[in-house]
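[1] Pasting the sequence and the predicted coordinates here, then a few questions.
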Amino acid sequence: PLKAAILVPQAQISDRAQLRYGNLGNLQKAMSERLGFIMRNQAKASFPNVHANERLDIEQSLVDIRGYRLPSWLSEITDSQYVLLPEIIDISTDPIEASMFGLWDSYPQRQFQLRLSLYHGISGEQIWSEYYNSPALWEFEKQITVPAHSNRFWASSYGKNIDSVLMQASEDIDNVLNCRPLLGQIVSRQNNRVIINLGRNNGIKVGDSFQLVLQQNLPDRLDNMRAVAGKSRATIKIDQVTQESATAVLEGANAA
């Protein structure tokens, strides 16, 4: 089966102050790496291109830059077909009552609210967004430091809860992509030969045939560029494949 590459940058967080409880300062990076790990092992319609050190400005990502929407620009430089933006909305801890001896009666409940938004790499449009809300027990003492990359964190009730949310998200993304054709891009052409940014990682094999789609970027009424696709009669046949790209021959008299 063909698989789309999904760029996964560092997760954003709405309120950084919430990271102080448990000293979870590296949670955003760990969250993206964990999501990538789960997608790599579970997803059937995609594979992750994790850039957990790279931060994206959510607001800026929807703004056109030099006529290009940021998701489409990012997907081109990373050879990804989609961009997935994770946003941590709430990881606050509910206050718990102390007993008459000043001891904690139980572990507090900690929120976990996550929004994932998927953008198409060619058009830059958001094609899917989902909000997940799944609080869980925070079974650590109040002042303790719990590194977000540690096994101790991911083996806890709270870490396992996040894992179950990310597994559900990976399944949801699969369901979205199962209904969509895989679109790669021609990155180079010489005479009747082309190189496309799809390869063995995407499930491409020698002998595969693809239809060429012609893309036009047209300005809308607000002068934002919109990608419009039009089918052509030309097809290409893959004759060489590497992990991330493939070489193909244009077929048909008018293909060039």
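    Yes, it's here.
[2] So what touches the longest helix along the chain?
    Under DSSP state H, the helix in the chain containing the largest number of residues is helix 157-177. Residues outside helix 157-177 that contact it (Cβ atoms under 8 Å, 6 or more residues apart in numbering): 4, 6, 31, 34-35, 38-39, 42-46, 82, 84, 110, 112, 114, 116, 118, 127-128, 130, 132, 134-139, 153-154. C-betas here are computed from N, CA, C, even on glycine.
[3] go again using 7 Å as the cut-off
    4, 34-35, 38-39, 42-46, 110, 112, 114, 116, 118, 127-128, 130, 132, 134, 136-139, 153-154 (Cβ atoms under 7 Å, 6 or more residues apart in numbering).
[4] again with stretch 205-220
    122, 183, 225-232, 234-241.
[5] Identify each buried residue in that stretch, please.
    208, 210, 212, 217 (16 or more other Cβ atoms under 10 Å).
[6] three-state assignment of the third one?
    This means Leu212. Classification of Leu212 using DSSP: H, G, I helix; E, B strand; the rest coil returns strand.
[7] Going forward, count from 7.
    Renumbered: residue one is now 7, and that last one reads Leu218.
[8] how close does it sit to Tyr88?
    Distance of Leu218 to Tyr88, computed by Cβ to Cβ, to the nearest Å: 21 Å.
[9] Equivalent analysis for the last one, please.
    As for Asn223, its distance to Tyr88 is 19 Å (criterion: Cβ to Cβ).
[10] Quick check, pLDDT for the closest residue to Thr253 other than its chain neighbours.
    Among residues not flanking Thr253 along the chain, Gln246 sits closest, at 4.1 Å (Cβ to Cβ, 6 or more residues apart in numbering). Residue-level confidence at Gln246 comes out at 96, pLDDT.
[11] Thanks a lot, see you next time.
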